[in-house]
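Participant: Prediction below, plus the sequence it came from.
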Amino acid sequence: MGKPGRGGRKWAVRQRTETGTAVAERIHLVPPSPASGDRVLLRELVRSGKVVGREPLADARDRHEAVLAELPPYALQLSRGYPAIPTIFDGDADPEVAQE
């Protein structure tokens, strides 16, 4: 079966409910316009060979804890099978298509 491959630059956005629970990650082939409550997943770390994404370790820890807290409880189970939340490629009508 294998993972689906789609070449080229991509942008990722985590879709969240009004309460902040992650429900899907959407992959776009053009820069996205996130809806209210959605979170852009990619951050610029290097520009023109210079590091621009530096942050204190305490900030990185806080961000990591906040990101984990937005996942639904079943997403933290250590078991084989489906991904924690579906990945939807921009233009796919059905989230199941992205998981095949």
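Facilitator: Nice, I can see it.
Participant: quick one: contacts for Gly35?
Facilitator: No, residue 35 isn't Gly; it's Ala. Gln15 (CB atoms under 8 Å, 6 or more residues apart in numbering). C-betas here are computed from N, CA, C, even on glycine.
Participant: how about the closest residue to Ala12 other than its chain neighbours, what does it touch?
Facilitator: Computed as CB to CB, 6 or more residues apart in numbering, the closest residue to Ala12 that is not its neighbour in sequence is Leu41, at 4.0 Å. Contact analysis of Leu41 by CB under 8 Å, 6+ apart lists Ala12, Val13, Arg14, Glu25.
Participant: Show me which of those is closest to Leu57.
Facilitator: Arg14 (23.0 Å; CB to CB).
Participant: Tell me the confidence at Leu76?
Facilitator: Leu76 is assigned 80 on the pLDDT scale.
Participant: From what I see, Val40 and Trp11 are in contact.
Facilitator: Yes. Counting by CB atoms under 8 Å, Val40 does reach Trp11; the two are 7.3 Å apart.
Participant: Can you check which helix is longest in the chain?
Facilitator: Looking across the chain with DSSP state H, the single longest helix is helix 57-69.
Participant: contacting residues around that helix?
Facilitator: Glu55, Leu76.
Participant: one step back: neighbour count winner among Val40 and Trp11?
Facilitator: Trp11 (16 against 13; other CB atoms under 10 Å).
Participant: Please report the distance of the spatially closest residue to the more buried one that is not a sequence neighbour from Leu78.
Facilitator: Nearest non-adjacent residue to Trp11, counting by CB to CB, 6+ apart: His28, 4.6 Å away. Counting by CB to CB, to the nearest Å, the gap from His28 to Leu78 is 30 Å.
Participant: of these two, who's got more company?
Facilitator: For His28 versus Leu78, the count of surrounding residues by other CB under 10 Å is larger for His28: 18 against 4.
Participant: Mind checking which of the contacts of Leu41 are buried?
Facilitator: Val13, Arg14, Glu25 (16 or more other CB atoms under 10 Å).
Participant: Sitting in strands, which of these do you find?
Facilitator: Judged by DSSP state E, the buried ones among the contacts of Leu41 include Val13, Arg14, Glu25 as members of strands.
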